[in-house]
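Q: Sharing a model prediction with you, sequence too.
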Amino acid sequence: MPVYNTEKYLKAAIDSVLNQTLQEWELILVNDGSTDNSLSILQYYANVDKRITFLDQSNQGVSVARNNGISVAKGTFIYFLDSDDEIKLNTLEVAYDNCFQFNSDFLFFDADVQFDKQPDERIINLNYVRKVTQPFEVKDGAEMLQSIIHVNEYFVIPGLLFIRRQFLDDSNILFLEGIVHEDELFTTHLFLKSTQVMYLPYSLLIRRFREGSTMTVPMKMRNIESYFIVADTIKELGKDNSSYNNVIDLYLKKLLNTVLWKAHVMPLNDRITIFQHAIRDWYFYIDMRSFFVLLLRKYITRK
């Protein structure tokens, strides 16, 4: 659990682990340079339960925090819980039993959404419950990725993944440091490297949307630059394994067109910069309509 200035939600997040029906777990709390009361809350919990490990680092971002947590983890399986989310009472037990029974590299499941206040139009219809993806079918990861992208049921939240530690180590997959949207890269890489992945049709996570989170703050150039880094890195994976190319092309088309649509609300100078980068390096993946939306939709809507 990476933690940065979430004192309002932190106790509920930790308590949701303490109250699990499965009690054989290790909780690694990583303080990422919090400036609120989060640090004292973490220290309290680390002192009252020997199953809790506490790490403290200067503010370096969620990727560094998660990677540091992975480096000290001892469990057979790894699960990432954000410090403003919660898990259901039986989440770890259900995920463990199914991942063990079906011998999956990892499995993924659904989430309920909880808003701190009335959401704006960008996120009001967010839904993390799959209705088309077939459950309890163990598939090759690239095949599974292609199928869930096709039906618009690909969600890149690490909190929806329950991962076998040995698979993570063997695949040498970590979170890319220094960017936002690192979950896009981590989750996609995970699917591409897996030979046995399964969908579990239960909502086991309570996903909170709050003011100031990545999903609720306005898009900035750092967001766009990070998306382009993700796209570059995923494209490079196809050079190592040509069998990935079809699903990588599908993923990049979905990602990059979505990014341009999201960017239409940004200042004109930023949109021109994005357009120049996109048409130079990514024109193969992007529809003309997305270029049109990027440059003109904001103006047309305002009129």
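A: Great, that's in hand. Every value quoted in this text rests on a predicted model; they were computed, and no experiment measured them.
Q: helix or strand for the closest residue to Pro2 other than its chain neighbours, which one?
A: With C-beta to C-beta, 6 or more residues apart in numbering as the criterion, Pro2 has its nearest non-adjacent residue at 3.5 Å, and that residue is Ala65. Using the backbone N, CA and C atoms, a C-beta is placed for each residue, glycine as well. Assigned by DSSP states H and E, Ala65 belongs to helix 62-72.
Q: Tell me the buried residues in that helix?
A: Applying a neighbour-count criterion of 16 or more other C-beta atoms under 10 Å, one finds 62-70 buried in helix 62-72.
Q: mind listing what the closest residue to Thr195 other than its chain neighbours touches?
A: Computed as C-beta to C-beta, 6+ apart, the closest residue to Thr195 that is not its neighbour in sequence is Asp140, at 5.6 Å. With contact taken as C-beta atoms under 8 Å, 6 or more residues apart in numbering, Asp140 is in contact with 194-197.
Q: Which among the residues you listed count as buried?
A: By neighbour count, with 16+ other C-beta under 10 Å, the contacts of Asp140 hold 194, 196-197 as buried.
Q: Mind checking which of these are in strands?
A: Val197 (DSSP state E).
Q: and which of the buried ones among the contacts of Asp140 is nearest Phe115?
A: Set against Phe115, the nearest of the buried ones among the contacts of Asp140 by C-beta to C-beta is Val197 (29.8 Å).
Q: Contacts only, for Ala95.
A: 77, 79, 107, 109, 162, 200, 204.
Q: would CSV of these with secondary structure, neighbour count and distance to Met1 be doable?
A: Output for the contacts of Ala95, formatted as CSV (DSSP: H, G, I helix; E, B strand; the rest coil; neighbours: other C-beta atoms under 10 Å; distance: C-beta to C-beta, whole Å):
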residue, secondary structure, neighbour count, distance to Met1
Phe77, strand, 20, 15
Tyr79, strand, 24, 10
Leu107, strand, 25, 20
Phe109, strand, 25, 18
Phe162, strand, 24, 15
Leu200, strand, 21, 21
Leu204, strand, 23, 16
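Q: Among those, pick out the one closest to Ile272, please.
A: Of the contacts of Ala95, the one sitting nearest to Ile272 (C-beta to C-beta) turns out to be Phe109, at 41.1 Å.
Q: Against which helices or strands is the longest helix along the chain packed?
A: Assignment by DSSP state H gives helix 221-240 as the longest helix of the chain. With contacts taken as 3 or more C-beta pairs under 8 Å, 6 or more residues apart in numbering; DSSP states H and E, helix 221-240 sits against helix 182-193, helix 245-262, helix 268-281.
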